[in-house]
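Trainee: Quick one: sequence and predicted model below, then my questions.
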2 protein chains.
Amino acid sequence: MDTPANTQHLHLGALIFPGIDQFDFTGPFEVLSRLPNSTFHVIGKDTAPVRDMKGLILTPEQVLWENPPLDVLIVPGGAGQVALMEDEDVLAFIRQQANSAKIVFSVCTGALTVAAAGLLKGVRSTTHWASIHLLEPLGVIPVNQRVVIDGKFVSAAGVSSGLDGALQVAALLRGDLVAQEIQLYMQYAPKPPFHSGIPETAPAEVLASARSAGSELAETRLAVIKRIAAKKARSAPGLP
Amino acid sequence: MDTPANTQHLHLGALIFPGIDQFDFTGPFEVLSRLPNSTFHVIGKDTAPVRDMKGLILTPEQVLWENPPLDVLIVPGGAGQVALMEDEDVLAFIRQQANSAKIVFSVCTGALTVAAAGLLKGVRSTTHWASIHLLEPLGVIPVNQRVVIDGKFVSAAGVSSGLDGALQVAALLRGDLVAQEIQLYMQYAPKPPFHSGIPETAPAEVLASARSAGSELAETRLAVIKRIAAKKARSAPGLP
């Protein structure tokens, strides 16, 4: 992808929905709303406020088909993305925007939504650590990495990974100096007080507890993805 | 501070306002809304939605005096905090809540608001790197550190520091295992693509540009703080 000159106005848009994990969206918003000469669109199925997984109210200002073709489409995740994987309005919107976008940027389980739209077949991608096994049934090549870039598809792993992904997207769009200035503004020199951010370094007790807390949602996701995969297999040309 | 048992229900509340930096609030919300057996209150001067510095709509659900005494008061920053430093309603609210709270947690320039309420005299605190010189005129002992804890006052430096501060607050309130589980859920094993998060490591060109972009706001802040300091000096007992 060529880095467009700062003189070209950029349209970025993030899809928000009930049950989103707000941080999948607000992290990238913090970075990407600061790109010079750009407009950030907050997009919903309608303009009704939605609540995130923990109840935070977020308000979209545009609906799916209202906004201009986006240079960057941001697809966050969260428990609410399960419903989006079988929502034909949303999937058609993602497909159409992806067609002309420079970058499709998924955060966390947003990758599963993009994959359900049929866009990540054979594409290297990542997602939240607890969902990474769900990429393969959707035809995606899973990569256990914080940020993965494959062509126009940028994927960030769980939740806070969206910050690192967004800084990489900022650099792709406006160059390293702009991304670095945003990082400095945000004072993003992280110092987590524990080393528990990934399964590989988390204490066994913490990992077990987190897996247990997420097990019901993981099962629901798997059931939906099996249904989608079966449907796609039935409709694939050349198959009985 | 004693770590309360998980059986004690906790009330946490964050003050939001026009011109907030949304991430000062949404970062800590992501962590602290996940504490077991707790309620997170989003508090405004009224319940009208507010826009953050870059236009994101956030909606308070409670007004200043409606909520119960808070165990944790979170005071975010952003350009809009300048007005709060002379807003007697807000300052009185902060003083009253601080009186009974277990923790007063400021993020970014939220420390200046807490200081303007007269609560940080002789207290070690931090704030956004571009505002740290403004702590001293308010009687605060500035500490150039990502998170500072002094008694019940926890302060985080600029914007994204709120994540690290919130994880420390989570550990204080509910213990290390709970904080680590939240960190794992958020997949918070950060890998910024650049080393530009603090003035000490940012490229000179990036620092100069960031300083220039923030200079007008820095001057406004300084003027307000001089006015507050002069007013406090005039009203101090024993002075002419």
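Mentor: Everything's here; your move.
Trainee: Quick one: mean pLDDT over the longest helix that chain A contains.
Mentor: Among the segments of chain A that qualify as a helix by DSSP state H, the longest is helix A:204-235. In this model, helix A:204-235 carries a mean pLDDT of 92.
Trainee: from the middle of its chain, how far away would that helix be?
Mentor: 17 Å (C-alpha atoms, centre = their mean, to the nearest Å).
Trainee: elements contacting that helix?
Mentor: Contacts defined by 3 or more C-beta pairs under 8 Å, 6 or more residues apart in numbering or on different chains; DSSP states H and E place helix A:204-235 against helix A:81-84, helix A:110-116, helix B:176-185. For every residue, glycine as well, the C-beta is placed using N, CA and C.
Trainee: For those helices, give me a markdown table that also has mean neighbour count and distance to residue A:41.
Mentor: Supplementary listing: those in a markdown table, determined by neighbours: other C-beta atoms under 10 Å in any protein chain shown; distance: least, C-beta to C-beta, whole Å:
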| stretch | mean neighbour count | distance to residue A:41 |
| --- | --- | --- |
| helix A:81-84 | 23 | 18 |
| helix A:110-116 | 29 | 16 |
| helix B:176-185 | 23 | 28 |
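Trainee: Columns mean pLDDT and distance to residue A:32 on top of these, output as a markdown table?
Mentor: Converted to a markdown table, those look like this (pLDDT from 0 to 100; distance: least, C-beta to C-beta, whole Å):
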| stretch | mean pLDDT | distance to residue A:32 |
| --- | --- | --- |
| helix A:81-84 | 98 | 20 |
| helix A:110-116 | 98 | 14 |
| helix B:176-185 | 97 | 23 |
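Trainee: So which of those is nearest residue A:221?
Mentor: Closest of the helices and strands packed on helix A:204-235 to residue A:221 is helix A:81-84, at 5.8 Å (criterion: C-beta to C-beta).
Trainee: Need the CA coordinates for the next helix or strand after that closest one. PDB is fine.
Mentor: Downstream of helix A:81-84, the next assigned helix or strand under DSSP states H and E is helix A:88-100. Provided in PDB are the C-alpha atoms of helix A:88-100 (Å, rounded to 0.1, in the frame of the first residue of the first chain):
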ATOM      1  CA  GLU A  88     -26.400 -10.200   6.500                       C
ATOM      2  CA  ASP A  89     -26.800  -6.400   6.600                       C
ATOM      3  CA  VAL A  90     -23.600  -6.000   8.500                       C
ATOM      4  CA  LEU A  91     -21.700  -8.600   6.500                       C
ATOM      5  CA  ALA A  92     -22.700  -7.000   3.200                       C
ATOM      6  CA  PHE A  93     -21.600  -3.600   4.500                       C
ATOM      7  CA  ILE A  94     -18.200  -5.000   5.500                       C
ATOM      8  CA  ARG A  95     -17.800  -6.700   2.100                       C
ATOM      9  CA  GLN A  96     -18.700  -3.600   0.200                       C
ATOM     10  CA  GLN A  97     -16.400  -1.300   2.300                       C
ATOM     11  CA  ALA A  98     -13.600  -3.800   2.200                       C
ATOM     12  CA  ASN A  99     -13.800  -3.800  -1.600                       C
ATOM     13  CA  SER A 100     -12.600  -0.200  -1.900                       C
END
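Trainee: Need the contact partners of helix A:88-100.
Mentor: Contact with helix A:88-100 is made by A:13, A:15, A:17, A:45, A:64-65, A:69-70, A:73, A:75, A:84-85, A:104, A:113-114, A:116-119, A:152, as judged by C-beta atoms under 8 Å, 6 or more residues apart in numbering or on different chains.
Trainee: Same question for the longest helix of chain A: list its buried residues.
Mentor: A:206-207, A:209-210, A:214, A:217, A:221, A:224-225, A:228, A:232 (16 or more other C-beta atoms under 10 Å in any protein chain shown).
Trainee: follow-up on the earlier one: could you dump the helices and strands packed on helix A:204-235 into TSV and include distance to residue B:31?
Mentor: Compiled in TSV, the helices and strands packed on helix A:204-235 are given as follows (distance: least, C-beta to C-beta, whole Å):
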stretch	distance to residue B:31
helix A:81-84	21
helix A:110-116	20
helix B:176-185	5
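Trainee: For residue A:202, find the nearest of these.
Mentor: Nearest of the helices and strands packed on helix A:204-235 (C-beta to C-beta): helix B:176-185, 4.7 Å.
Trainee: neighbouring contacts of the closest one?
Mentor: A:158-159, A:192-194, A:196-199, A:202-203, A:205-207, A:209-210, A:213-214, B:31, B:34-36, B:167-168, B:170-171.
Trainee: I only care about those that end up buried; give me the ChimeraX line for that.
Mentor: Command for ChimeraX, covering only those of these found buried under the criterion 16+ other C-beta under 10 Å:
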select /A:158,159,192,193,194,196,197,198,199,202,203,206,207,209,210,214 /B:31,34,35,167,168,170,171
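Trainee: Can you give the distance from stretch A:162-170 to the centre of its chain?
Mentor: Centroid separation for stretch A:162-170 versus its chain: 11 Å, with C-alpha atoms, centre = their mean.
Trainee: That stretch near chain B at all?
Mentor: Yes: using C-beta under 8 Å from any C-beta of the partner chain, stretch A:162-170 reaches chain B at A:163-164, A:167-168.
Trainee: Closest to residue A:23 out of those?
Mentor: residue A:163 (9.0 Å).
Trainee: In space, what's closest to the closest one - neighbours in sequence excluded?
Mentor: Spatial nearest neighbour of residue A:163, excluding adjacent residues (C-beta to C-beta, 6 or more residues apart in numbering or on different chains): residue A:27 at 4.6 Å.
Trainee: what number of residues lie near that neighbour?
Mentor: 31 (other C-beta atoms under 10 Å in any protein chain shown).
Trainee: tell me which strands and helices the helix or strand it falls within is in contact with?
Mentor: Under the criterion of DSSP H and E, residue A:27 resides in helix A:22-32. For helix A:22-32, the elements it packs on are strand A:10-15, strand A:38-44, strand A:72-75, strand A:103-107, helix A:161-174, helix B:22-32, judged by 3+ C-beta pairs under 8 Å, 6+ apart.
Trainee: Run the angle between that helix and strand A:103-107 for me.
Mentor: Counting by axes from the mean of the first three to the mean of the last three C-alpha atoms, to 10 degrees, helix A:22-32 lies at 140 degrees to strand A:103-107.
Trainee: With only the CA atoms kept, save helix A:22-32 in CSV.
Mentor: What follows is helix A:22-32, C-alpha atoms only, in CSV (Å, rounded to 0.1, in the frame of the first residue of the first chain):
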residue,chain,number,x,y,z
GLN,A,22,-15.6,-0.7,24.1
PHE,A,23,-11.8,-0.8,24.3
ASP,A,24,-11.6,-2.6,21.0
PHE,A,25,-13.0,0.6,19.6
THR,A,26,-11.9,3.4,21.9
GLY,A,27,-8.2,2.4,21.8
PRO,A,28,-8.0,2.7,18.0
PHE,A,29,-10.2,5.8,18.1
GLU,A,30,-7.7,7.5,20.4
VAL,A,31,-4.9,6.9,17.9
LEU,A,32,-6.7,7.2,14.5
